[in-house]
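# 3D, please:
(chains A and B)
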Amino acid sequence: MDRRDFLKSAAAVTVAAALPQAARADTTTFAPKPGAWRSFDLVTRVSIDNPQGTMQAWIPLPSVSETDWIRPGDSTWTGNAVKVARVRDPKYGAEMLHAIWADDEIDPTIEVTSRIATRDRAIDLTKPGTEAALSADARKLNLQGTDLIPVDGIVKETSDKIVAAANAKSDIEKARAIYEWVVENTVRTASTRGCGIGDVAAMLKSGNLGGKCADLNALYVGLARAGGLPARDVYGLRVAPSKFGYKSLGAGSSNVTKAQHCRAEVWLAGFGWVPVDPADVRKVMLEEPPTNLPLTDAKVAAARKTLFGAWEGNWIAYNTAHDVVLPGSQNTRIGFLMYPQAERAKLQLDSLDPDKFRYSISVKEVAA
Amino acid sequence: MTSPLASARNRIAPLAASGDSPAAPFTLAPWRGGELPAFTLDDLTGATRHAAAFKGRTVLVHFFATWCEPCVPELASLQRLAHAARDEPLAIVAIDVGEVDLRVRAFFDKRPVDFPVLLDRDRSVAKAWNITSLPTTFVLDATLQPRLFVEGDLDWSRPDIVSAIAALYPKRTRTDVPASGRSTSPMTGGHNGPT
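Predicted structure coming up:
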């Protein structure tokens, strides 16, 4: 999709709002419900290709802890690094294992195993609870712009137009209007490397709203923040197949080296952090058989209805960090920490190219 | 304070089509935003390049990224322009914004070009030039004054675009014409893969 027109898009929101209703008659279900916890062992192996000079790596560790849906456990490591330290991003609390090898190490390798427990999330958005208010600091953090997600200029203008076109008054109406707009107006682009970059202003400016989760859900987060709604990207990894038959929304095997996926959350008073994942709606459209499904398809409609307020616990979160400074690195900060990072002779390796980097990630479900 | 680029955009550059009609193609527009800061960046071979070294030729400064879909065919059209204008006083400079060296090198290994590719690793030049959308391209005259710009992708081999750039070429003197018929300016050094 190229250079879309806002008015066309805004009009589509109204039509789209009725679509999930039509899906109710279908047998397709996508209904995550908080239930049993599942535990996974995540094994990340980094072995720096063509070793030379100073070599170091940063491996993301699961560091989102929420009593309702995710509990990071212990992380252990083996390998031949001369120095290994667990470090934490001071702004967002993203944790990583920082490994440094001797300059003459001929096979710099580290293997990190992280235990993590998670389960489905589903929030009944018709029944506000007694969720404590967001702290002033957390509110400020989750309303501000980042390097690639400005909350002024075209992002603010677009957010205001979406909210006005939907006549949204309450926070939940605004959050849903933005969700529907992102679902309607973006497209998943199969050729996008990794999960995308998430350069929100560039997307809106160019009118090219194609990409993957780091693009589409960053767009949601930027539009929400610009509209005054605290929101955040949650960077993570798919670790198991979907139990609802959505092949596109789960890990296809125990090799999850390329299964990174970021989701989003929006803070709504009375509900707390609400799961949101418009990017996965577009993924269902593109990938579920027979592929290239329309918004009216029952499977798409079911996902669309569910992914504002719920998500399936076949995915684990690493962190919610932006603009991460890798300690000990002389290279520029990175937009987000979802892939292993490494340097060789001060040269940053391409984290989107695990075969040349090299790294692999595998997962195994374990008894809780 | 409104930046020169922002004010120029507001006056000149349409960003999207309206209604159901096809989007209008992007086009070169006069730059009225004043001077832009000089830059010093590494190229893909690790050599340091200074903006001042391009003085004396018309310079096309192209901001792009490998993840930017419209940038890929646009780079191919820049290569066509580079080939077509190889005897002209034109320097093309592509600036990759915010990507790791190895990713950019791998990209140009598959798509070699005859013009230098510079690395704006921390986006400092893009920020200084107030680049908010990729691709964005400026055409500077031989004194490095920005004269034209486009925020969006262009086919740089289009005759009207080639003519607009040619109108900015410095007037040649007899001694400017190389004996071989090929430019000998050091500004044409291209990237033929990582070193």
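# can you count the residues close to A:Pro204?
Careful, residue A:204 is Leu and not Pro. By the criterion of other C-beta atoms under 10 Å in any protein chain shown, A:Leu204 has 26 neighbours. Every residue, glycine included, has its C-beta placed from N, CA and C.
# Same question for it, what's its three-state structure.
Following DSSP: H, G, I helix; E, B strand; the rest coil, we place A:Leu204 in the helix state.
# any idea how far it lies from B:Phe64?
18 Å (C-beta to C-beta, to the nearest Å).
# Tell me where chain B has helices.
Along chain B, counting by DSSP state H, helices occupy B:4-12, B:71-84, B:101-110, B:124-128, B:159-166.
# Identify whichever of those helices lies nearest to chain A.
helix B:101-110 (4.4 Å; C-beta to the nearest C-beta).
# buried set for that closest one?
When burial is assessed from 16 or more other C-beta atoms under 10 Å in any protein chain shown, helix B:101-110 yields the following buried residues: B:101-108.
# Check stretch B:164-172 too.
So, applying 16+ other C-beta under 10 Å, buried residues of stretch B:164-172: B:165, B:168.
# As CSV, the buried residues of helix B:101-110 with distance to A:Leu352 would be great.
Putting these into CSV (distance: C-beta to C-beta, whole Å) gives the following:
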residue, distance to A:Leu352
B:Asp101, 13
B:Leu102, 10
B:Arg103, 7
B:Val104, 12
B:Arg105, 13
B:Ala106, 10
B:Phe107, 11
B:Phe108, 16
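# can you list the residues you listed in TSV and add distance to chain A?
Shown next, in TSV, are the buried residues of helix B:101-110 (distance: C-beta to the nearest C-beta, whole Å):
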residue	distance to chain A
B:Asp101	6
B:Leu102	5
B:Arg103	4
B:Val104	9
B:Arg105	9
B:Ala106	7
B:Phe107	10
B:Phe108	13
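# out of those, which one sits closest to A:Ala175?
Nearest to A:Ala175 out of the buried residues of helix B:101-110 is B:Arg103 (C-beta to C-beta; 34.6 Å).
# State the three-state secondary structure for the residue lying closest to that closest one once chain neighbours are set aside.
Among residues not flanking B:Arg103 along the chain, A:Asp350 sits closest, at 4.4 Å (C-beta to C-beta, 6 or more residues apart in numbering or on different chains). Following three-state DSSP, the label given to A:Asp350 is coil.
# Can you list phi and psi of A:Asp350 for me?
In terms of degrees, to the nearest 10, the main-chain angles of A:Asp350 are phi -80, psi 110.
# Quick check, it in contact with B:Val104.
No - at 9.2 Å, A:Asp350 does not count as touching B:Val104 under the criterion of C-beta atoms under 8 Å.
# Overlap in contacts, the two.
Common contacts of A:Asp350 and B:Val104 (C-beta atoms under 8 Å, 6 or more residues apart in numbering or on different chains): none found.
# Give the burial count for residue 142, as a bare number.
Looking at chain A here, since you left the chain open. The number of residues near A:Asn142, taken as other C-beta under 10 Å, comes to 21.
# right idea, wrong chain: chain B
B:Ala142: 18 neighbours (other C-beta under 10 Å).
# how much space between it and B:Ala91?
For B:Ala142 relative to B:Ala91 (C-beta to C-beta), the value is 10 Å.
# Ok, A:Pro90 next?
43 Å.
# Just want to know which of the two has more residues nearby.
B:Ala91 (26 against 9).
# my guess is the more buried one contacts B:Leu60, does it?
Yes - with contact defined as C-beta under 8 Å, B:Ala91 reaches B:Leu60; the gap is 7.2 Å.
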